[in-house]
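1. Let me see the structure of the following:
(one chain, ligands or ions: 1)
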Amino acid sequence: MDCTFIVIGHRAKTTADFEFNDISGSGGSLDTIARCIATTFCLSNGLRKDARAFLILLGGKDAPKTIRICGSEIKGLNADERSIAGLIRAALKKKAKRDEWTKSTTGVYISKAGFEDVLRELSEEGVTFVHLRESGVDVREFEFPSHPCFILGDNTDLTEEEEGVLNAHPFLKVSVGPKSYHASHCITIVHNEMDRRCP
Ligand SMILES: C[S@@+](CC[C@H](N)C(=O)[O-])C[C@H]1O[C@@H](n2cnc3c(N)ncnc32)[C@H](O)[C@@H]1O
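-> Numbers count the residues shown, from 1 in each chain. You can find the predicted model right below:
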């Protein structure tokens, strides 16, 4: 089953001038985004070719920017945060345009699109939006649609304004468990649940 994850990086840096040794601070919690990329794509012995990630970066003077990563194209993604931060930095050095995806490295693209633009584009593709929220329907009772697109906050939930943007589209609300988990852990749980249904 193919799947897409949208992660909103509320403070995530949109320029390449962050410190590799401080991706959490100077990168605006890019460590959280990097962990989400790792759990979206990395298995112990390979990559999930049927997964895609859209990382909405909202921090800094060049916001918004979105990085798109396609599992069907990427080669040799390393799960460590530092090398993923390198991929993000390489993408941020490219010229980002509003209505076009600029290729950075293999399978990694960047654009000036924001959350609303990304939802519009994916809605035209026919995905089913699934907002991951603590208060949603239990994932164990959830019948996964054919082309799910999961939406998560980074260290904080979607803002009221972002919820308003999402409300313009039909969407489902799903919970992965009774506690509030890290975004990257939610991605692992969703993958695990889908793997059990469609090994
Ligand atoms: C670290 S949490 C966000 C902060 C948390 N909701 C809070 O305010 O303490 C990151 C994201 O993971 C997702 N999330 C966390 N726990 C979840 C759960 N039990 N079920 C579904 N999604 C969850 C939500 O999308 C959330 O925005």
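2. any idea how far the closest residue to Gly86 other than its chain neighbours is from the ligand?
-> Excluding the flanking residues, the one nearest Gly86 by Cβ to Cβ, 6 or more residues apart in numbering is Phe20, at 7.6 Å. In short, each C-beta sits where N, CA and C put it, glycine included. Noted for Phe20: a distance of 24 Å to the ligand, by Cβ to the nearest ligand atom, to the nearest Å.
3. and the gap between the residue of the chain positioned farthest from its centre and the ligand?
-> The centre of the chain is farthest from one residue, Glu141, which by Cα atoms, centre = their mean lies 23.5 Å away. Distance of Glu141 to the ligand, given as Cβ to the nearest ligand atom: 13 Å.
4. got it, and Thr66?
-> Distance from Thr66 to the ligand, by Cβ to the nearest ligand atom: 17 Å.
5. So what sits opposite that residue in the bridge?
-> The partner list for Thr66 in beta bridges (DSSP bridges) reads Ile56, Ser111.
6. What ranges does the chain have for its strands?
-> All strands of the chain, identified by DSSP state E, fall at 3-13, 42-43, 46-47, 51-59, 65-70, 102-103, 108-111, 128-138, 148-153, 171-175.
7. Can you lay out the ones you listed as JSON lines showing mean neighbour count?
-> Converted to JSON lines, the strands of the chain look like this (neighbours: other Cβ atoms under 10 Å):
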{"stretch": "strand 3-13", "mean neighbour count": "25"}
{"stretch": "strand 42-43", "mean neighbour count": "14"}
{"stretch": "strand 46-47", "mean neighbour count": "13"}
{"stretch": "strand 51-59", "mean neighbour count": "24"}
{"stretch": "strand 65-70", "mean neighbour count": "24"}
{"stretch": "strand 102-103", "mean neighbour count": "14"}
{"stretch": "strand 108-111", "mean neighbour count": "23"}
{"stretch": "strand 128-138", "mean neighbour count": "17"}
{"stretch": "strand 148-153", "mean neighbour count": "23"}
{"stretch": "strand 171-175", "mean neighbour count": "18"}
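8. longest single helix anywhere in this structure?
-> Ranked by number of residues, the top helix in the chain under DSSP state H is helix 183-197.
9. List the buried residues of it.
-> Buried residues in helix 183-197, defined by neighbour count with 16 or more other Cβ atoms under 10 Å: Ala183, Ser184, Cys186, Ile187, Thr188, Ile189, Val190, His191, Met194.
10. for the residue in the chain positioned nearest to the ligand, what are its contacts?
-> Proximity of the chain to the ligand (Cβ to the nearest ligand atom) peaks at Gly153, 2.8 Å away. Contacts were defined as Cβ atoms under 8 Å, 6 or more residues apart in numbering; by that measure Gly153 touches Val7, Ile8, His10, Ala183.
11. Beta-bridge partners for it, please?
-> Residues in beta-bridge contact with Gly153 (DSSP bridges): Ile8.
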